[in-house]
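1. Task: produce atomic coordinates for the following.
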Amino acid sequence: MDQLKRVLDFCTRYQATLNYSLVSLLTAVCEYIFSAVLFKCPCNSDNTLYGLSFLLAPAFILFLLGCVWNARMWRLVTGCHQEQGCSSCCYRHILIPALGRASVASLTWIAVALLGASFYECAASGSNRIKKLLCNGTEKMCQAQVPEIPCNKPLAEQMYKRSLNLQAQSQLLGLFLILVIVIVGVISTCVSHCRSPVSYMQLQFWKIYLKKEKELFEIKAKEHAGTLAERNINSFFQTPVQPAAPTAFQTPSNEDWQKISLLYTFSPQEQHYSMVHKFVDTDRGSTTKFRQGNMNPTVLGFVDEASLRKSET
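-> Below you'll find the predicted structure:
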C-alpha cells in the first residue's frame, strides 16, 4: 500500500509532465504507423506536395486538437466578448503560453517525422533547389531522376555520393528542432519561476489548497444539484388537483457564476488562492477589491486550469 501511495503521489505531483510525455509518446507511435503503413511516396513531380502534406497536415490537426483540449484556452475564449474582455494582457500572459502547450503534440510529430526522414526525403526530392544541389545544377537527366530517389535505393546511393543525402539532412533538422524545443522550454520554465510573485513553499501550499477546493466543490455541487433536482421532480409528480407550491431554493445567480469563472489575476496586496476565495472574501464580489489584481504570472497558470477542471466535472 505504501508503494502504491508513493506512485499515486508521484503521478499527482508530476501530472502535467506525465501528460505531456504520454501525448508525445502517442504522437510518436502514430507517426510511426503513418510512415510504415500509410505513406507511399509517388516518386514523381507530386513528391513535394505529398511529402509536405504528411509532414505538416497531421501536425496542424494535432495543434488544433491541443487548443481544444487546453484548459486555459477555454477560460480565455468563453464569454470573451462580455465583461472580462480580450485584453492585450490576456493575450500576452495567457494565450501565448496556452498556444505553446497546445503545440507539444504537433512539434513532436514534426520532430519524429524528421528523424524518420521518409516524409522529408519525399518532399525534398521534388524540390528544384534540391535537384540542382544533387546534380550540380547542370545534368538535366540527373535532375529528372531525383524524384525517384525515395523508391530507388541504388539510385539514391549513387546520388548521395555527390552531396549530403536527404535522410541525413532530415535527421539534422529533427535534432536541431528538438534542441530548440528543449532550450526554449528550459528557459521559459526558469524565467516563469524566477518571476514568480510567491515563494516555492507557498506554491506547493497553493496547489494543495486548489486540490482540496476542487474536491469540496464537486461534493457540494453534487449535493446542491441533487437537492434541486429532487425538489423539481417531486413537484412535477404531484397530483394536479391540489398542486403544492415548490419550496424556495437558493442557488447562485448567473452573475455569481460569471464572477468565479473570470480569469484569475494576482494582487500582491490581497492573498487569494482562487476566484472562489476572492469572491467570498470580497462580500460575494461586491467590493472594489474583487477587481484588484493585474498580474498574470505564467507560474500561476495552474489556478485557472484547476478551476476549469472543477467546472467540467
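
2. Report the contact partners of the closest residue to Ala102 other than its chain neighbours.
-> Spatial nearest neighbour of Ala102, excluding adjacent residues (CB to CB, 6 or more residues apart in numbering): Gly66 at 3.3 Å. In short, each C-beta sits where N, CA and C put it, glycine included. Remark: with contacts taken as CB atoms under 8 Å, 6 or more residues apart in numbering, Gly66 is in contact with 101-106.

3. Spell out which residues make up each domain of the protein.
-> 10-194, 200-224+252-312 (automatic domain parsing).

4. can you put those domains in JSON lines and add distance to Asn234 and mean pLDDT?
-> Formatted as JSON lines, the domains of the chain follow (distance: least, CB to CB, whole Å; pLDDT from 0 to 100):
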{"stretch": "domain 10-194", "distance to Asn234": "33", "mean pLDDT": "81"}
{"stretch": "domain 200-224+252-312", "distance to Asn234": "16", "mean pLDDT": "80"}
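
5. can these go into CSV with extra columns for distance to Phe236?
-> Shown next, in CSV, are the domains of the chain (distance: least, CB to CB, whole Å):
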stretch, distance to Phe236
domain 10-194, 31
domain 200-224+252-312, 19
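
6. quick one: which of those domains is nearest Ser235?
-> Across the domains of the chain, Ser235 has its closest neighbour in domain 200-224+252-312 (17.0 Å, CB to CB).

7. Centre of the chain to that closest one, how far?
-> Between the centre of domain 200-224+252-312 and the centre of its host chain there is 21 Å, according to CA atoms, centre = their mean, to the nearest Å.

8. the helices in the stretch 1-150 of the chain, which residues?
-> Ranges of helices in the stretch 1-150 of the chain, per DSSP state H, counting those that start in this stretch, are 2-13, 15-33, 47-69, 71-77, 88-90, 96-102, 104-116, 118-124, 128-134, 140-145.

9. tell me the angle of the second one relative to helix 47-69?
-> Between helix 15-33 and helix 47-69, the angle comes out at 150 degrees (axes from the mean of the first three to the mean of the last three CA atoms, to 10 degrees).

10. Would you check the distance separating stretch 102-121 from the middle of the chain?
-> Per CA atoms, centre = their mean, the centroid offset for stretch 102-121 relative to its chain is 17 Å.

11. who's in contact with that stretch?
-> In contact with stretch 102-121 (CB under 8 Å, 6+ apart) are residues 20, 23-24, 27-28, 30-32, 35, 39, 41, 51-52, 54-56, 58-60, 62-63, 65-67, 69-70, 73, 149-150, 166-167, 169-171, 173-175, 177-178, 181.
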